[in-house]
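Participant: Let's see this in three dimensions:
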Amino acid sequence: MNVFFSHVAKRGFSTSNFNNAKHSCKVLVVGGGTGGCATAAKFSKILKKNELIILEPSENHYYQPLFTLIGGGISSLSDARKNTKEVLPKNAVWLKDSAAEFNPQSNSVTTQNGDTIEYEFLLVATGLQTDYDKIPGLVAGLNSDTGVCSNYSAKYVEGTYRALQKFENGNAIFTFPNSPVKCPGAPQKICYITDHFLRKVGKRDKANVIYNTSLPVIFGVKKYADALWKVCEERNINVNLRTNLIEVRPDKREAVFQNLDKPEQVTTFEYSMLHVTPPMSTPPALRTCRSLTNESGFVDVDKSTLQSTKFSNVFAIGDCSSSPNSKTAAAAAAQCQVVFKNMKSVMDGKTPVSAYDGYASCPLVTGYSTCILAEFDYNLAPLETFPFNQGRELWSMYLMKKMLMPPLYWNLMLNGWWNGPALVRNLLHLRFPQN
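Facilitator: Got it, this is the predicted structure:
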């Protein structure tokens, strides 16, 4: 076996980048993002170092929920970034590479560098990729000074605040694509922040703020949708449902949208600022493994146990699974303990019994000092942590989003110590029951 391990002193874990090597492990985690890193941290406490491999190509790990605040000029990109070697568990082998081919029938993964990794148990945590190139003209617009911006990439997120500062008058348009997305509340959060920013600098009366979403609703949970409609009405934000961006013409500062209910109806909007949420998809290596995924390219899992419906030794967590929950970091936190317990049960020859209830959370930032903390389950019913009505714009929830959640993420969740707020919720509602 041709394997080379270099020891990283700061964290004490091993890395390997020797091409065409063959590796074997008990647990392979494909993806070192939020869900992969947090679950790997749990396994690192019960497995030996060479029994746990994390396959992750990125040099940096980003706390993506902070990107909204970066786009609004509230936080900096450095606040959301750490070296991957700093956040992965030290008692693991890190292969700085990505998956090229999944072979679940032979319990192996082939990497882009040509390595083969054989595993006993597999956790797929690849997340979603952003497909900016799927919209003609978008990449050109993002790479030029034409008012096009996007909070969904570390490469582009800082450009949003620059576009905000340069805005003088005209249309400020915000989009939601016709595809699954990570953090589905984020496309409208930056819309509300922009509205607040323009009011602060005295330009709101010169702006027409527009939110064009491909969805048939402004938000999937009625309680919070009602609150958001109220915000839009009070602030004169125009919302167009079932309206999907299909082309950007940066040289003319035009954006072309299609009515999804009447596909022949295409409308061109002029813009001064255009914030685009790109279409998203699972990585090609996953999409092409039809034995593992559904027709949309997501790992086909039981929505309660998060175990593959086709391979008992395979699980998935986070954005890449077919679980019909909202794709957020909070959802990954709640899934993490379920996945860990159920994988451990299968390792021990038992049936997985831990169940994920679909919990997801979306702190809907509505300005520079307010936030509606949406929490809900598979049934799109509110599942709120605090013993008061969270369907309101609250300063306290904004402070929690800005000040509490980032250190909780870095210090607890990525180290395997945070499984979501279920325990806190139960304690608070026991002490302060809601009527």
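Participant: Tell me which residue is most central in the protein.
Facilitator: residue 182 (3.7 Å; CA atoms, centre = their mean).
Participant: how close does that residue get to residue 338?
Facilitator: Per CB to CB, to the nearest Å, residue 182 is found 19 Å from residue 338. In this view, the C-beta of every residue, glycine as well, is placed from N, C-alpha and C.
Participant: Equivalent analysis for residue 239, please.
Facilitator: Distance, residue 239 to residue 338, using CB to CB: 35 Å.
Participant: who's more crowded, these two?
Facilitator: Between residue 239 and residue 338, counted using other CB atoms under 10 Å, the more crowded position is residue 338 (25 against 18).
Participant: What residues of stretch 201-212 count as buried?
Facilitator: 204, 207, 208, 209, 210, 211, 212 (16 or more other CB atoms under 10 Å).
Participant: Which of the three states applies to the residue nearest to residue 395 when sequence neighbours are not counted?
Facilitator: Nearest non-adjacent residue to residue 395, counting by CB to CB, 6 or more residues apart in numbering: residue 369, 5.5 Å away. Here residue 369 is recorded as coil under DSSP: H, G, I helix; E, B strand; the rest coil.
Participant: if I look at residue 369, how far off is residue 23?
Facilitator: When CB to CB is applied, the distance between residue 369 and residue 23 equals 50 Å.
Participant: Those two: who's more crowded?
Facilitator: Higher neighbour count among residue 369 and residue 23: residue 23, with 22 against 13, using other CB under 10 Å.
Participant: Helix, strand, or coil at that one?
Facilitator: With three-state DSSP as the basis, residue 23 sits in strand.
Participant: For it, give its distance to residue 33.
Facilitator: Residue 23 is 21 Å from residue 33, by CB to CB.
Participant: same thing with residue 354?
Facilitator: Taking CB to CB, one finds residue 354 at 22 Å from residue 33.
Participant: the more surrounded of these two?
Facilitator: Taking other CB under 10 Å, residue 354 and residue 33 do not tie; residue 33 has more neighbours (26 against 16).
Participant: Okay, helices next: where are they in the stretch 251-400 of the chain?
Facilitator: For the stretch 251-400 of the chain, the helices defined by DSSP state H, counting those that start in this stretch occupy 284-287, 329-347, 395-399.
Participant: Give me the contacts around the first one.
Facilitator: By CB atoms under 8 Å, 6 or more residues apart in numbering, the list of residues contacting helix 284-287 from outside reads 98-102, 124, 126, 281, 292-293, 297-299, 320.
Participant: Just give me the closest of these to residue 347.
Facilitator: The closest of those to residue 347 turns out to be residue 124 (CB to CB; 16.7 Å).
Participant: who touches the closest one in this structure?
Facilitator: Residue 124 neighbours (CB under 8 Å, 6+ apart): 30, 31, 102, 286, 292, 299, 314, 315, 316, 317, 320, 321.
Participant: possible to save those as CSV with neighbour count?
Facilitator: What follows is these, written out as CSV (neighbours: other CB atoms under 10 Å):
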residue, neighbour count
30, 27
31, 29
102, 22
286, 23
292, 25
299, 31
314, 24
315, 30
316, 29
317, 32
320, 29
321, 31
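Participant: Now flag whichever of these is closest to residue 430.
Facilitator: Using CB to CB, residue 317 comes nearest to residue 430 of the contacts of residue 124, at 28.9 Å.
Participant: before we move on, the earlier item: determine which of the helices of the stretch 251-400 of the chain approaches residue 160 most closely.
Facilitator: The nearest among these, by CB to CB, is helix 395-399 at 18.5 Å.
Participant: after the closest one comes which helix or strand?
Facilitator: Using DSSP states H and E, the helix or strand that directly follows helix 395-399 along the chain is helix 405-411.
Participant: so after that following helix, what's the next helix or strand?
Facilitator: Next along the chain after helix 405-411, taking DSSP H and E as the criterion, comes helix 422-431.
Participant: Now do that following helix: distance to the chain's middle.
Facilitator: Between the mean C-alpha location of helix 422-431 and the chain-wide mean there is a distance of 26 Å, by CA atoms, centre = their mean, to the nearest Å.
Participant: swap in stretch 260-274?
Facilitator: Remark: stretch 260-274 is offset 26 Å from the chain centroid, using CA atoms, centre = their mean.
Participant: Quick check: end-to-end length of that stretch?
Facilitator: 20 Å (CA to CA, to the nearest Å).
Participant: Which parts of this structure belong to which domain?
Facilitator: 6-128+282-347, 131-280, 360-431 (automatic domain parsing).
Participant: Tell me which of the ones you listed is the most buried.
Facilitator: Highest mean neighbour count among these (mean count of other CB atoms under 10 Å): domain 6-128+282-347, with a mean of 20.
Participant: For this structure, give me the ranges with low pLDDT.
Facilitator: Along the chain, segments meeting pLDDT under 70 span 1-19, 431-435.
Participant: what's the closest of the buried residues of stretch 201-212 to residue 407?
Facilitator: Nearest to residue 407 among the buried residues of stretch 201-212 is residue 211, at 31.2 Å by CB to CB.
Participant: Now do the contacts for that closest one.
Facilitator: So residue 211 contacts 173, 174, 176, 187, 188, 191, 218, 232, 237, 238, 239, 240 (CB under 8 Å, 6+ apart).
Participant: okay, among the residues you listed, which ones form the most distant pair?
Facilitator: 173 and 218 (15.6 Å).
Participant: Distance-wise, check residue 324 relative to residue 169.
Facilitator: Taking CB to CB, one finds residue 324 at 42 Å from residue 169.
Participant: cool, residue 277 as well?
Facilitator: Computed as CB to CB, the residue 277 to residue 169 distance reads 24 Å.
Participant: cool, and residue 192?
Facilitator: 19 Å.
Participant: doesn't residue 359 make contact with residue 422?
Facilitator: Yes. Counting by CB atoms under 8 Å, residue 359 is a contact partner of residue 422 at 7.2 Å.
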